[in-house]
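Colleague: for reference, the sequence and a predicted model appear below.
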Amino acid sequence: MVAIEAFAILNLVGFGALSGIIGGFANVREMAPLVAGIAYATQAGCRMTAEIGSMRIGDEIDATEAMGLQSIPFVVGTRLVGGMLSVVPGFMFALVVSFFASNAVIRLFYNQPGGTYDHYFTMFLSTTDVVYSLVKGIVFCTAVTLV
């Protein structure tokens, strides 16, 4: 959405093809980790909260304490590991899909030549940014799980 909205604004002044800069730069650095954290909080956060609440009502947490296990690290730690195992491939898949979607919309719906968009997109997209974006998404999802 960032690249598509950037095209709409930049096209007003004749720089619509430069939306690849925004797609390769702002989408990766800011929007993708933020959206991943919000999506994770809405889906997994609600599910974990409901599951832990039902475990408390069903005396499952008290049973783990009776067996000599610390309940908080056991209950939260397993969900943290499971969440991080699912976040990494999901985040990378969503990032790649967003790249293809913005490219397709700008080429097909706005009838723009793809060469200029691809040139600026690849010029401003670096592997370091993708790695930092992944780390940022993991930190957001870890914070959601711990909360």
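Modeller: Great, that's in hand. Numbering: from 1, shown residues only.
Colleague: so what's Leu10 up against?
Modeller: Leu10 sits next to 16, 18-19, 22 when contact means C-beta atoms under 8 Å, 6 or more residues apart in numbering. (Each C-beta comes from the backbone N, C-alpha and C, glycine too.)
Colleague: tell me the mean pLDDT for stretch 114-132?
Modeller: This predicted structure assigns stretch 114-132 an average pLDDT of 87.
Colleague: if you could redo that for stretch 53-71, that was the one I meant.
Modeller: pLDDT averaged over stretch 53-71 gives 84.
Colleague: mind listing residues that contact it?
Modeller: Stretch 53-71 is contacted by residues 52, 74-75 when judged by C-beta under 8 Å, 6+ apart.
Colleague: before we move on, what about stretch 116-125?
Modeller: The set of residues that contact stretch 116-125 without belonging to it, under C-beta under 8 Å, 6+ apart, is 17-21, 23-25, 28, 99, 103, 106-107.
Colleague: and that stretch, which residues are buried?
Modeller: The neighbour-count criterion (16 or more other C-beta atoms under 10 Å) identifies 117, 120-121, 124-125 as the buried residues of stretch 116-125.
Colleague: what does stretch 25-34 give?
Modeller: Of the residues in stretch 25-34, those buried under the neighbour-count criterion (16+ other C-beta under 10 Å) are 25, 27-28, 31-33.
Colleague: looking at these, which are in helices?
Modeller: Under the assignment DSSP state H, these contribute 25, 32-33 to helices.
Colleague: show me the contacts for Tyr40.
Modeller: 83, 87, 140-141, 144.
Colleague: which members of those residues are the farthest-apart pair?
Modeller: Gly83 and Phe140 (11.1 Å; C-beta to C-beta).
Colleague: for the chain, longest helix please?
Modeller: When the chain is parsed with DSSP H, its longest helix is helix 71-104.
Colleague: what about that helix, distance to the chain center?
Modeller: 7 Å (C-alpha atoms, centre = their mean, to the nearest Å).
Colleague: buried residues in it?
Modeller: 71, 75, 79-80, 83, 87, 91, 95, 98-99, 102-103.
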